[in-house]
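Participant: Need a 3D model of the sequence below.
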Amino acid sequence: MSRHNIVHETIIEAPIESVWKEVINIDDWEWNRWTKLKCAKGPIEGNKGKLLACYEGNDENWQEFDFEFGPVNESQHLLTWLGNVGPGGCLFSGYHTIELEIINKDQTKLIHQEKFGGLLPLLGLGLPYTTLDRNYRRMNESLKATVEKKKLAMK
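Facilitator: Next comes the predicted model:
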(Lines give C-alpha, C1' and ligand atoms only; values in the text may rest on other atoms or scores of the structure.)
Protein backbone atom coordinates (compact mmCIF):
# COMPACT_ATOMS: atom_id res chain seq x y z
CA MET A 1 0.00 0.00 0.00
CA SER A 2 1.28 3.43 -0.94
CA ARG A 3 1.39 6.43 1.34
CA HIS A 4 -0.04 8.36 -1.61
CA ASN A 5 -3.35 6.48 -1.73
CA ILE A 6 -6.34 8.81 -1.97
CA VAL A 7 -9.80 8.46 -0.44
CA HIS A 8 -12.52 11.11 -0.39
CA GLU A 9 -16.11 10.61 0.76
CA THR A 10 -18.87 13.09 0.01
CA ILE A 11 -22.57 13.09 0.88
CA ILE A 12 -24.74 14.10 -2.06
CA GLU A 13 -28.31 15.27 -1.48
CA ALA A 14 -29.82 13.20 -4.29
CA PRO A 15 -31.02 9.66 -4.95
CA ILE A 16 -28.32 7.15 -5.85
CA GLU A 17 -29.71 6.65 -9.38
CA SER A 18 -29.30 10.37 -10.15
CA VAL A 19 -25.68 10.29 -9.03
CA TRP A 20 -24.98 7.02 -10.85
CA LYS A 21 -26.38 8.47 -14.08
CA GLU A 22 -23.73 11.23 -13.96
CA VAL A 23 -20.89 8.88 -12.98
CA ILE A 24 -21.51 6.19 -15.60
CA ASN A 25 -22.02 8.66 -18.48
CA ILE A 26 -18.28 8.99 -19.17
CA ASP A 27 -18.88 10.65 -22.55
CA ASP A 28 -20.43 13.66 -20.83
CA TRP A 29 -18.58 14.29 -17.59
CA GLU A 30 -19.50 17.98 -17.59
CA TRP A 31 -18.77 18.01 -13.86
CA ASN A 32 -15.20 16.73 -14.25
CA ARG A 33 -12.62 19.29 -15.41
CA TRP A 34 -9.71 17.13 -14.27
CA THR A 35 -10.24 13.69 -15.83
CA LYS A 36 -11.75 12.41 -19.07
CA LEU A 37 -12.11 8.73 -19.94
CA LYS A 38 -12.08 8.07 -23.69
CA CYS A 39 -13.23 4.57 -24.60
CA ALA A 40 -15.08 3.84 -27.84
CA LYS A 41 -16.77 0.77 -26.40
CA GLY A 42 -17.91 2.37 -23.12
CA PRO A 43 -17.48 1.52 -19.46
CA ILE A 44 -17.41 -2.28 -19.52
CA GLU A 45 -14.85 -4.38 -17.65
CA GLY A 46 -11.85 -5.13 -19.85
CA ASN A 47 -12.41 -2.27 -22.30
CA LYS A 48 -9.30 -0.17 -22.86
CA GLY A 49 -9.00 3.50 -23.57
CA LYS A 50 -7.16 6.75 -22.92
CA LEU A 51 -7.38 8.70 -19.70
CA LEU A 52 -6.84 12.43 -20.10
CA ALA A 53 -5.67 14.30 -17.03
CA CYS A 54 -5.64 18.07 -16.55
CA TYR A 55 -4.00 18.69 -13.19
CA GLU A 56 -5.09 22.34 -12.98
CA GLY A 57 -8.64 21.80 -14.29
CA ASN A 58 -8.18 24.69 -16.72
CA ASP A 59 -8.62 22.73 -19.97
CA GLU A 60 -4.91 23.15 -20.80
CA ASN A 61 -1.93 20.79 -20.80
CA TRP A 62 -3.88 17.53 -20.87
CA GLN A 63 -1.74 14.43 -20.31
CA GLU A 64 -2.72 11.08 -21.79
CA PHE A 65 -2.44 7.65 -20.14
CA ASP A 66 -3.56 4.17 -21.15
CA PHE A 67 -6.19 2.60 -18.91
CA GLU A 68 -8.50 -0.38 -18.71
CA PHE A 69 -11.87 -0.63 -17.02
CA GLY A 70 -11.97 -2.93 -14.02
CA PRO A 71 -15.27 -4.05 -12.52
CA VAL A 72 -18.25 -1.92 -13.54
CA ASN A 73 -21.34 -2.94 -11.63
CA GLU A 74 -24.60 -1.02 -12.00
CA SER A 75 -26.40 -2.81 -9.16
CA GLN A 76 -23.50 -2.03 -6.79
CA HIS A 77 -22.98 1.44 -8.32
CA LEU A 78 -19.29 0.73 -8.85
CA LEU A 79 -17.01 2.11 -11.58
CA THR A 80 -13.32 1.18 -11.62
CA TRP A 81 -10.38 1.64 -13.94
CA LEU A 82 -6.69 0.87 -13.73
CA GLY A 83 -3.42 1.63 -15.38
CA ASN A 84 0.13 0.43 -14.96
CA VAL A 85 3.66 0.79 -16.22
CA GLY A 86 6.21 -2.01 -16.35
CA PRO A 87 5.61 -5.75 -16.14
CA GLY A 88 2.74 -6.34 -13.73
CA GLY A 89 2.79 -2.66 -12.74
CA CYS A 90 6.20 -2.99 -11.07
CA LEU A 91 7.08 0.61 -11.88
CA PHE A 92 3.62 2.08 -11.36
CA SER A 93 0.04 0.97 -10.90
CA GLY A 94 -3.10 2.88 -10.12
CA TYR A 95 -6.51 1.43 -9.29
CA HIS A 96 -9.26 4.05 -9.35
CA THR A 97 -12.70 3.50 -7.83
CA ILE A 98 -15.90 5.51 -7.75
CA GLU A 99 -18.47 3.79 -5.58
CA LEU A 100 -21.88 4.96 -4.43
CA GLU A 101 -23.79 3.88 -1.32
CA ILE A 102 -27.40 4.60 -0.41
CA ILE A 103 -27.78 6.58 2.79
CA ASN A 104 -31.53 7.02 2.29
CA LYS A 105 -33.81 7.63 -0.70
CA ASP A 106 -32.57 11.23 -1.03
CA GLN A 107 -28.93 10.93 0.02
CA THR A 108 -25.97 9.13 -1.52
CA LYS A 109 -22.46 8.61 -0.23
CA LEU A 110 -19.79 9.01 -2.91
CA ILE A 111 -16.57 7.12 -2.16
CA HIS A 112 -13.82 8.14 -4.55
CA GLN A 113 -10.42 6.55 -4.21
CA GLU A 114 -7.22 5.50 -5.89
CA LYS A 115 -4.69 2.98 -4.68
CA PHE A 116 -1.16 3.28 -6.02
CA GLY A 117 1.50 0.61 -6.26
CA GLY A 118 4.90 0.04 -7.78
CA LEU A 119 8.33 1.57 -7.36
CA LEU A 120 7.52 5.13 -8.46
CA PRO A 121 4.80 5.81 -5.86
CA LEU A 122 6.98 4.16 -3.23
CA LEU A 123 9.64 6.77 -4.01
CA GLY A 124 7.10 9.59 -4.32
CA LEU A 125 7.69 9.83 -8.08
CA GLY A 126 5.54 9.42 -11.17
CA LEU A 127 2.59 11.71 -10.47
CA PRO A 128 1.82 14.91 -8.55
CA TYR A 129 0.14 13.04 -5.67
CA THR A 130 -0.73 16.12 -3.59
CA THR A 131 -2.38 17.73 -6.62
CA LEU A 132 -4.29 14.52 -7.36
CA ASP A 133 -5.56 14.40 -3.79
CA ARG A 134 -6.82 17.98 -4.13
CA ASN A 135 -8.37 17.24 -7.52
CA TYR A 136 -10.25 14.14 -6.37
CA ARG A 137 -11.81 16.21 -3.59
CA ARG A 138 -12.71 18.85 -6.19
CA MET A 139 -14.20 16.18 -8.45
CA ASN A 140 -16.42 15.04 -5.59
CA GLU A 141 -17.50 18.61 -4.87
CA SER A 142 -18.18 19.26 -8.55
CA LEU A 143 -20.21 16.06 -8.99
CA LYS A 144 -22.19 16.94 -5.85
CA ALA A 145 -22.91 20.47 -7.14
CA THR A 146 -23.94 19.20 -10.58
CA VAL A 147 -26.31 16.53 -9.29
CA GLU A 148 -27.86 18.74 -6.62
CA LYS A 149 -28.36 21.59 -9.12
CA LYS A 150 -30.15 19.22 -11.52
CA LYS A 151 -32.31 17.96 -8.67
CA LEU A 152 -33.34 21.52 -7.79
CA ALA A 153 -34.07 22.33 -11.43
CA MET A 154 -36.49 19.38 -11.58
CA LYS A 155 -38.59 20.69 -8.67
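
Participant: Tell me the secondary structure at Trp81.
Facilitator: strand (DSSP: H, G, I helix; E, B strand; the rest coil).

Participant: can you count the residues close to it?
Facilitator: 26 (other C-beta atoms under 10 Å). All C-beta spots, glycine's among them, are computed from the backbone N, C-alpha and C.

Participant: Now Asn61: closest residue in space that isn't a chain neighbour?
Facilitator: Nearest residue to Asn61, sequence neighbours excluded (C-beta to C-beta, 6 or more residues apart in numbering): Cys54, at 6.6 Å.

Participant: pretty sure the one you found contacts Asn32?
Facilitator: No: using C-beta atoms under 8 Å, Cys54 is not in contact with Asn32; the gap is 9.5 Å.

Participant: Give me the more crowded residue out of these two.
Facilitator: Asn32 (20 against 17).

Participant: mind checking pLDDT for Met1?
Facilitator: Listed pLDDT for Met1 reads 60.

Participant: returning to what we had before: quick check, pLDDT for the residue nearest to Asn61.
Facilitator: 96.

Participant: try Lys155
Facilitator: So Lys155 comes in at 70 (pLDDT).

Participant: And for Glu9?
Facilitator: 98.

Participant: Can you tell me the element it falls in?
Facilitator: Using DSSP states H and E, Glu9 sits in strand 6-12.

Participant: Could you give me the buried positions within the next helix or strand after that strand?
Facilitator: Note on strand 6-12: by DSSP H and E, the next helix or strand toward the C-terminus is helix 16-24. Of the residues in helix 16-24, 16, 18-20, 22-23 count as buried by neighbour count, 16 or more other C-beta atoms under 10 Å.
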